[in-house]
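A.B. asks: A structural model of the following input is requested.
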Amino acid sequence: DSISMHEEGKVGLRNMLSFLKYRISLTANMWTSNQTLGYLCVTAHFIDDDWQLQKHIIKFTQVESPHDGRTMFNALLKTLQDWNIESKIFAITLDNASVNDNFVATLQENLVAKGQLLRKGKLFHCRCAAHVLNLIVQEGFKAISGATKNIRESVKYVKSSQARKQRFEALVEQVGIPAGKRPPLDIMTRWNSTYLMLETALQYRRAYEALSQDDPQYTYEPSIRDWKVAKNLCKMLEPFYDATNVVSGSKYPTSDRYFHMLWEVKKELDKQSSNADLTIATMVHGMKAKLKKYWDLSYLKICIPVILDPRFKIRFLEFRLNQWFEDEAFRYISKVEKTFRKLFAEYSSEINVVVEKAHPVNTDDSNPWADWGRHQNAQTLLRRPTNELDKYLEEETMEVGSNLDIMQYWKMQSATYPAIARMASDILAVPASTVPSESAFSTGGRVVSDYRSRLKSETVEALICLQDWLRSEDSTLDNIAGNIAVDESDCI
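C.D. replies: You can find the predicted model right below:
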């Protein structure tokens, strides 16, 4: 049955994690079923011995109320101990709910006290990039609450009846707009759905103008200014939309891409801050303040993965941060480099990398040029890399245009740079976003449906985990767990 299959799979996965050379990062999300029961989903992210990115749900458990920091801490610590991976954790990515700050602070304190986190947990708590981007956009939307109303009402009006849809389709054909996706109605709390609604509606502007002439009941025609604001909004939100898609990927490392996507967001906000439209300029002011707030909370986790990209390294960060922060850049650069070097020292110690010591060459004092020889030798020693990190950083960067597979690069370089490769395996496994892990909730909705509302908690976990593990082996098995027969004994 599903329980025994889950236990069998769990034994195999636990063995795999126990022999894993590298550290594991986590994502944790709370989900509420249609029976208003709270579930905690914990997903393990790691790079295996073949340098393949792996993602597996290791816990999907019902959590008793209240869903506060202490309750979540107890549930997660029990999960880590059950899987015997307490000493293997590198980082955890969470959304920005206030309860998560309390929860992760308690967990970090517990693991640091046991000596189980590197750098005393400075890189432990990662804030979900997609949620940060959402908070920045929502801050801007506070300034334009009514600016998109007529476009939203127009989309809603057309969708409200079949007759209106048919009339609109006829007008679309009449004004010569090519066939394509019709404007979707947004969900006001999801900015990306508003972006897609505005972007699509702009393509149908002439059809809405024709509708206002053809249908006297249609009273929501957007004004010229409404369309202008929509166009400016789409232009400004495009890098946010692109960034969200990139950091929400699950088939490739995302931690090393987050910085570059934030840079594109920052450039667009700088550009729009001088927009002649006061609505847009006001919107941008709040967004830039929110970006700075979350940058200061997370810049170490955002910058450090960039150093591991051989096309960029530390020099690229210096270049970009000087562009971004000017006189303030030094404090960020120095903290990032200091943290990276201390982290490298910990990894070197863990794998017993011997630091090369340079020995000066003796020179004959009877030689009239002996002092010059000693000076040249001293300068050579100063320039010579004393460890693999200095060697890596001083080595020429690869071409930016090169199509680099960063996982394969570090797999190939693991003999040359053993400590840095070990760092890369842990840091690149950290997911920038919790979005890929949230797919478990759609599975949860199918498993804990109105027709299966009496399933035991352990049965729910078995079905969710089984589907996830089977999907990892074969993407064609997406619906296996949903189709597994449920015995009467699996119900409460």
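
A.B. asks: next helix or strand past the host helix or strand of Trp295?
C.D. replies: Element membership for Trp295 (DSSP states H and E) is helix 278-307. Per DSSP H and E, the first helix or strand lying C-terminal to helix 278-307 is helix 313-325.

A.B. asks: just checking, what packs against the helix or strand just after that following helix?
C.D. replies: Sequence-wise, the next helix or strand downstream of helix 313-325 (DSSP H and E) is helix 329-350. Helix 329-350 sits against helix 278-307, helix 313-325, helix 388-394, helix 418-427, with contacts defined as 3 or more Cβ pairs under 8 Å, 6 or more residues apart in numbering; DSSP states H and E. All C-beta atoms are positioned from the backbone trio N, CA, C, and that covers glycine.

A.B. asks: and the angle for helix 329-350 with helix 418-427?
C.D. replies: 110 degrees (axes from the mean of the first three to the mean of the last three Cα atoms, to 10 degrees).

A.B. asks: ok, residues contacting helix 329-350?
C.D. replies: Under the criterion Cβ atoms under 8 Å, 6 or more residues apart in numbering, residues 118-119, 122-123, 299-300, 303-304, 307, 314, 317-318, 321-322, 325, 353, 355, 387-389, 419-420, 422-423 lie in contact with helix 329-350.

A.B. asks: Also stretch 407-423?
C.D. replies: 21-22, 47, 50-53, 253, 308, 310, 343-344, 347-348, 350-351, 353, 388-389, 391-392, 424-425, 428.

A.B. asks: Now name the helix or strand holding Ala415.
C.D. replies: Going by DSSP H and E, Ala415 is not part of any helix or strand.

A.B. asks: Phi first, then psi, for it.
C.D. replies: phi -80, psi -40 (degrees, to the nearest 10).

A.B. asks: Weed out the non-buried ones from the contacts of stretch 407-423.
C.D. replies: Buried members of those, counted by 16 or more other Cβ atoms under 10 Å: 22, 47, 51, 53, 253, 308, 310, 343-344, 347-348, 353, 388-389, 392, 424-425, 428.

A.B. asks: pLDDT below threshold where in the stretch 351-492 of the chain?
C.D. replies: 353-366, 369-385, 439-454, 473-492 (pLDDT under 70).

A.B. asks: what about 90?
C.D. replies: Applying pLDDT under 90 to the stretch 351-492 of the chain picks out residues 351-386, 400-403, 435-492.

A.B. asks: before we move on, what about the stretch 51-200 of the chain?
C.D. replies: Within the stretch 51-200 of the chain, the segments meeting pLDDT under 90 span 61-69, 96-98, 141-148, 178-181, 187-190.

A.B. asks: need the strands for it, in chain order.
C.D. replies: 53-62, 89-94, 125-127 (DSSP state E, counting those that start in this stretch).

A.B. asks: what does the shortest one contact?
C.D. replies: Read it as strand 125-127. So strand 125-127 is contacted by 25, 91-96, 104-105, 108, 255, 294, 297-298, 301, 430-432 (Cβ under 8 Å, 6+ apart).

A.B. asks: One more: the second one?
C.D. replies: The set of residues external to strand 89-94 that reach it, using Cβ under 8 Å, 6+ apart, is 23-28, 80, 100, 103-104, 107, 111, 116-118, 123-128, 301, 426-427, 429-434.

A.B. asks: give me that answer again for 7 Å
C.D. replies: 23-28, 80, 100, 104, 111, 116-117, 123-128, 426, 430-431, 433-434 (Cβ atoms under 7 Å, 6 or more residues apart in numbering).
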